[in-house]
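Novice: sequence first, predicted coordinates after that:
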Amino acid sequence: MKFNVLIVDDEKNIRQGLGKALEMDGHNIFLAEDGQEALDIIHEEEVDLVIADLRMPRLSGEELLRRVVDQWPTIPVIILTGHGTIETAVQAMRDGAYDFLTKPVNLDRLSLLVRRALSSRELVMQHRQMQEELDKQRRFTNIIGKSSAMHRIFDVVRQVAPTKASVLITGESGVGKELVADALHNLSDRKDKPFIKVHCAALSESLLESELFGHEKGAFTGAVARKRGRFELSHMGSIFLDEIGEISQSVQIKILRVLQDKKFERVGGEETLEVDTRIISATNKDLKAEIEKGTFREDLFYRLNVVNIDIPPLRERKEDIPLLVSAFIKEFAQENNKPVEAIDHKARALMYNYSWPGNVRELRNSIESAVVMCKGTVITPDDLPPSIAQDSESNDIRISVGSTLAEAEREMIRSTLNAHNGNKSRTAEVLGIGRKTLHRKIADYHLDDGRRAPAAAGEASAADDGAANDTAAAGDAEG
């Protein structure tokens, strides 16, 4: 993408010369002869970088720097200075300048410094966009995702939450089934009533029965007093039965009765109790397969599965990774008092290529580790757990020595497209460029011919690139 660069210098030849040089690098250039004119431009235009001389009439470079740092802290400022004022430039760095250059300006050095400053600006802006998206998402009780699969889940939750229907949430371990259960309760008219959670796999059969239905004094050894069960405690509210596929047949029968008749007895008791509770259950098992094996009751399955919400694994919705990463970086940076703000493109690519067998739970733990290990403000590949880099080694791109930059870029785009089955939204995200830029480069390198990008020498021919499945992720913007 083109960035907007503002050059501020009272010497006309210098500002015009620098402007022409950076224009050749593909940037949009704004020119100002003093700090006051520069402020007027920043108020009117979307400026991505300021390059300013220190000594100027009306408003000096030092004062311009202070104003920019105070009002537009995400805009980097590069200071230009003569050899006699280097100490002043160093002070400007302490005041928030990105870097400084001495006059006469070395154009190669300037070009490199501009690229670095704009890359830093882009990372910060991407992080800010993620945070804005996250703020919207948090209204949906902390479920994070912008993929089409997650939007379908959001729609189902909104529609089902106000009803009394039982919901069965399915999906692999770590995908966030409990968060969906939270949303179903919090968006219902029972939100101000109890929400009781039971992890069925963590308790033995006898303990689970007592936990769910309660017991009378003396019902068994150790029952020294009457105990109210979780169903009784959830009256007028909701109950979440996590890992419902692990419960025994005898407990299944009692839960079935609650679903059918809204009645039960405490363990060791004779009094029949009535309860009005909304049952939400979850499992990582295939309950239909369990029915065929005879370990799960078919009648209970249909009572629980009035509405099914199936959460796909993270490897099938990788467009959700940037939002999740941004949320976890913010959470663990605050928790550990670390200045970490973002993740660089290489680390992001590794996270895209990783298979995430532990799903969102593993991603969360990985970001916590990366934040703790990060020495600066941006997470790099060195900060990630070794397993992520090792799992991604098979996705390395091989570029021969002697290749031109264009050939290297073409191979990087081709390989990334293939790794993501032709999905251009994911490819652009991984490469750290906008979709418009990606489409232009695909056309320039003749990679978009209705099939997957052509294979390099020695590789097997590629199949269809699945362009029809290339749906733009919500909020995807140029850059």
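Specialist: In hand now; what should we look at? Numbers count the residues shown, from 1 in each chain.

Novice: where exactly do the strands run in the stretch 101-250 of the chain?
Specialist: 167-170, 195-199, 214-215, 227-228, 238-242 (DSSP state E, counting those that start in this stretch).

Novice: list the neighbouring strands of the second one plus their orientation.
Specialist: By that I understand strand 195-199. Strands adjacent to strand 195-199 in the sheet, as given by DSSP bridges, are strand 238-242 (parallel).

Novice: ok, residues contacting the strand it pairs with?
Specialist: Residues outside strand 238-242 that contact it (Cβ atoms under 8 Å, 6 or more residues apart in numbering): 177-178, 181, 184-185, 188, 190, 193-201, 230-231, 247, 255, 277-282. C-beta: built from backbone N, CA, C; applies to glycine.

Novice: 7 Å instead?
Specialist: Applying Cβ atoms under 7 Å, 6 or more residues apart in numbering, the contact partners of strand 238-242 are 178, 181, 185, 190, 195-200, 230-231, 277-282.

Novice: filter the residues you listed down to the buried ones.
Specialist: 181, 185, 190, 195-198, 200, 230-231, 277-282 (16 or more other Cβ atoms under 10 Å).

Novice: which member of those residues is positioned nearest residue 315?
Specialist: Among the buried ones among the contacts of strand 238-242, residue 282 lies closest to residue 315 (Cβ to Cβ), at 19.8 Å.

Novice: chain center to the helix or strand encompassing that closest one: distance?
Specialist: Using DSSP states H and E, residue 282 maps to strand 278-283. From the chain centre to the centre of strand 278-283 is a distance of 27 Å (Cα atoms, centre = their mean, to the nearest Å).

Novice: what of stretch 57-64?
Specialist: Using Cα atoms, centre = their mean, the mean C-alpha position of stretch 57-64 is found 40 Å from that of the whole chain.

Novice: how far does it stretch from start to finish?
Specialist: End-to-end span of stretch 57-64 (Cα to Cα, to the nearest Å): 11 Å.

Novice: got the contact list for it?
Specialist: The contact list for stretch 57-64 (Cβ under 7 Å, 6+ apart) reads 8, 10, 34-36, 38-39, 52-55, 79, 92.

Novice: those residues, buried ones only, as a PyMOL selection?
Specialist: In PyMOL syntax, the buried subset of those is picked out as below (16+ other Cβ under 10 Å):
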select buried, resi 8+10+34+35+36+38+39+52+53+54+79+92
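
Novice: and the contacts of stretch 57-64, which of them are in strands?
Specialist: 8, 52-53, 79 (DSSP state E).

Novice: now render the strands of the stretch 101-250 of the chain as a markdown table, adding mean pLDDT.
Specialist: As requested, the strands of the stretch 101-250 of the chain are arranged in a markdown table below (pLDDT from 0 to 100):
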| stretch | mean pLDDT |
| --- | --- |
| strand 167-170 | 98 |
| strand 195-199 | 96 |
| strand 214-215 | 94 |
| strand 227-228 | 93 |
| strand 238-242 | 97 |
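
Novice: picking that back up, which two of the buried ones among the contacts of strand 238-242 have the greatest separation?
Specialist: Pairwise distances among the buried ones among the contacts of strand 238-242 were taken by Cβ to Cβ; the largest, 21.2 Å, belongs to 190 and 200.

Novice: check contacts around residue 127.
Specialist: By Cβ under 7 Å, 6+ apart, the residues touching residue 127 are 326, 341-342.

Novice: do the same with residue 379
Specialist: Contacts of residue 379 by Cβ under 7 Å, 6+ apart are 340, 343-344, 347, 370.

Novice: go again using 10 Å as the cut-off
Specialist: 325, 329, 340-344, 346-348, 351, 367, 370-371, 373 (Cβ atoms under 10 Å, 6 or more residues apart in numbering).

Novice: what about stretch 150-160, average pLDDT?
Specialist: Stretch 150-160 shows a mean pLDDT of 93 in the predicted model.

Novice: what comes up buried for it?
Specialist: 150, 153-154, 156-157, 160.

Novice: next one: the residue lying closest to residue 297 once chain neighbours are set aside from residue 282, what distance?
Specialist: Once flanking residues are discounted, residue 297 sits nearest to residue 252: 4.9 Å by Cβ to Cβ, 6 or more residues apart in numbering. Distance from residue 252 to residue 282, counting by Cβ to Cβ, to the nearest Å: 15 Å.

Novice: same check, this time on residue 410
Specialist: According to Cβ to Cβ, residue 410 stands 46 Å off from residue 282.

Novice: residue 264 sits in which helix or strand?
Specialist: Residue 264 belongs to strand 263-265, assigned by DSSP H and E.

Novice: partner strands of that strand and their direction?
Specialist: Here strand 263-265 is paired, per DSSP bridges, with strand 272-274 (antiparallel).

Novice: now do the partner strand: distance to the chain's middle.
Specialist: Centroid separation for strand 272-274 versus its chain: 46 Å, with Cα atoms, centre = their mean.

Novice: buried residues in it, which are they?
Specialist: By neighbour count on 16+ other Cβ under 10 Å, the buried set for strand 272-274 is residue 273.

Novice: how about stretch 77-94?
Specialist: Buried residues in stretch 77-94, counted by 16+ other Cβ under 10 Å: 77-81, 85, 88-89, 92.

Novice: okay but residue 27 is in contact with residue 117, surely?
Specialist: No: Residue 27 is beyond contact range of residue 117, at 11.4 Å (criterion: Cβ atoms under 10 Å).

Novice: list the residues that contact both of the two?
Specialist: 3, 5, 48-49.

Novice: wait, which of those residues is closest to residue 440?
Specialist: residue 3 (16.3 Å).

Novice: show me the contacts for that closest one.
Specialist: With contact taken as Cβ under 10 Å, 6+ apart, residue 3 is in contact with 22, 25-29, 46-49, 114-115, 117-119, 121-122, 479.

Novice: residue 178 - nearest residue in space that isn't next to it in sequence?
Specialist: Excluding the flanking residues, the one nearest residue 178 by Cβ to Cβ, 6+ apart is residue 242, at 6.6 Å.

Novice: scratch that, residue 230 is what I was asking about
Specialist: For residue 230, ignoring the flanking residues on the chain, the nearest one in space by Cβ to Cβ, 6+ apart is residue 196 at 4.8 Å.

Novice: follow-up on the earlier one: buried only: go through the contacts of residue 3 for me.
Specialist: Using 16+ other Cβ under 10 Å as the burial test, those include 22, 25, 27, 29, 47-49, 114, 117-119, 121-122, 479 as buried.

Novice: turn those residues into JSON lines, including distance to residue 335 and pLDDT.
Specialist: Converted to JSON lines, the buried ones among the contacts of residue 3 look like this (distance: Cβ to Cβ, whole Å; pLDDT from 0 to 100):
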{"residue": "22", "distance to residue 335": "41", "pLDDT": "90"}
{"residue": "25", "distance to residue 335": "40", "pLDDT": "85"}
{"residue": "27", "distance to residue 335": "38", "pLDDT": "90"}
{"residue": "29", "distance to residue 335": "43", "pLDDT": "92"}
{"residue": "47", "distance to residue 335": "34", "pLDDT": "91"}
{"residue": "48", "distance to residue 335": "31", "pLDDT": "91"}
{"residue": "49", "distance to residue 335": "33", "pLDDT": "93"}
{"residue": "114", "distance to residue 335": "35", "pLDDT": "90"}
{"residue": "117", "distance to residue 335": "30", "pLDDT": "88"}
{"residue": "118", "distance to residue 335": "31", "pLDDT": "88"}
{"residue": "119", "distance to residue 335": "27", "pLDDT": "84"}
{"residue": "121", "distance to residue 335": "27", "pLDDT": "83"}
{"residue": "122", "distance to residue 335": "26", "pLDDT": "81"}
{"residue": "479", "distance to residue 335": "29", "pLDDT": "33"}
